[in-house]
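A.B. asks: sequence plus predicted model, see below.
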Amino acid sequence: MVFVTVGRDEDNGKEAELSARTGDVYKQTSYNTIGGVHTLGGTSFRGNYAGIGYTYDPTHDVFYAPQPYPSWTISAPNWTWTPPVPYPTDVGTPDAPKRYTWNESTKAWDLVA
């Protein structure tokens, strides 16, 4: 089983002792790691902060969010999901913003009225 620790090195202290005794794995995560970047300029840990429902990929030693749609793919090095069609660049104006939502049936972005 994989256990997640926040802000502590899993190779030191009680996590290492528990791991040696039980065979469980402890992995450090950081609230400030998003898309492979530490938002405060520190060291990023494992792609993304390990949220509820996230997947741990032991091959790449990263956490990533649940797949939002079947057509979206995960991409390294930021470990975020990418749609097959980029989000529209026409976002309107501050007085008349445009918002889009993903349509999995058509594999396209739909303008939300």
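C.D. replies: Done, it's in. Please read all numbers here as calculations on a predicted model, not as lab measurements. Numbering: from 1, shown residues only.
A.B. asks: neighbours of Val85, how many?
C.D. replies: Using other C-beta atoms under 10 Å, Val85 has 13 neighbouring residues. The way it works is simple: take the backbone N, C-alpha and C, and place the C-beta from them, glycine included.
A.B. asks: Gln28 too?
C.D. replies: 19.
A.B. asks: what helix or strand is it located in?
C.D. replies: Using DSSP states H and E, Gln28 maps to strand 25-29.
A.B. asks: likewise for Tyr49?
C.D. replies: Tyr49 belongs to no helix or strand, assigned by DSSP H and E.
A.B. asks: pull the contacting residues for it.
C.D. replies: Thr29, Ser30, Tyr31, Asn32, Thr33, Ile34, Phe63 (C-beta atoms under 8 Å, 6 or more residues apart in numbering).
A.B. asks: repeat that for 6 Å
C.D. replies: Contacts for Tyr49 (C-beta atoms under 6 Å, 6 or more residues apart in numbering) come out as Thr29, Tyr31, Thr33.
A.B. asks: rounded mean pLDDT for the strand holding Gln28, please.
C.D. replies: Summarised as a single mean, pLDDT over strand 25-29 is 72.
A.B. asks: and if you look at stretch 101-113?
C.D. replies: 95.
A.B. asks: so for this structure, which residue is the most central one in space?
C.D. replies: Centroid-nearest residue in the chain, with C-alpha atoms, centre = their mean: Tyr64, separated by 3.5 Å.
A.B. asks: so in terms of bridging, what pairs with it?
C.D. replies: Per DSSP bridges, residues listed as beta-bridge partners of Tyr64: Thr55.
A.B. asks: do I have it right that it meets Trp79?
C.D. replies: Yes: between Tyr64 and Trp79 a contact is recorded at 4.5 Å, counting by C-beta atoms under 6 Å.
A.B. asks: shared neighbours, those two?
C.D. replies: Residues within reach of Tyr64 and of Trp79 at once, by C-beta under 6 Å, 6+ apart, are Gly47, Asn48.
A.B. asks: any idea how far Asn103 lies from Pro88?
C.D. replies: 12 Å (C-beta to C-beta, to the nearest Å).
A.B. asks: what of Trp79?
C.D. replies: Distance from Trp79 to Pro88, by C-beta to C-beta: 24 Å.
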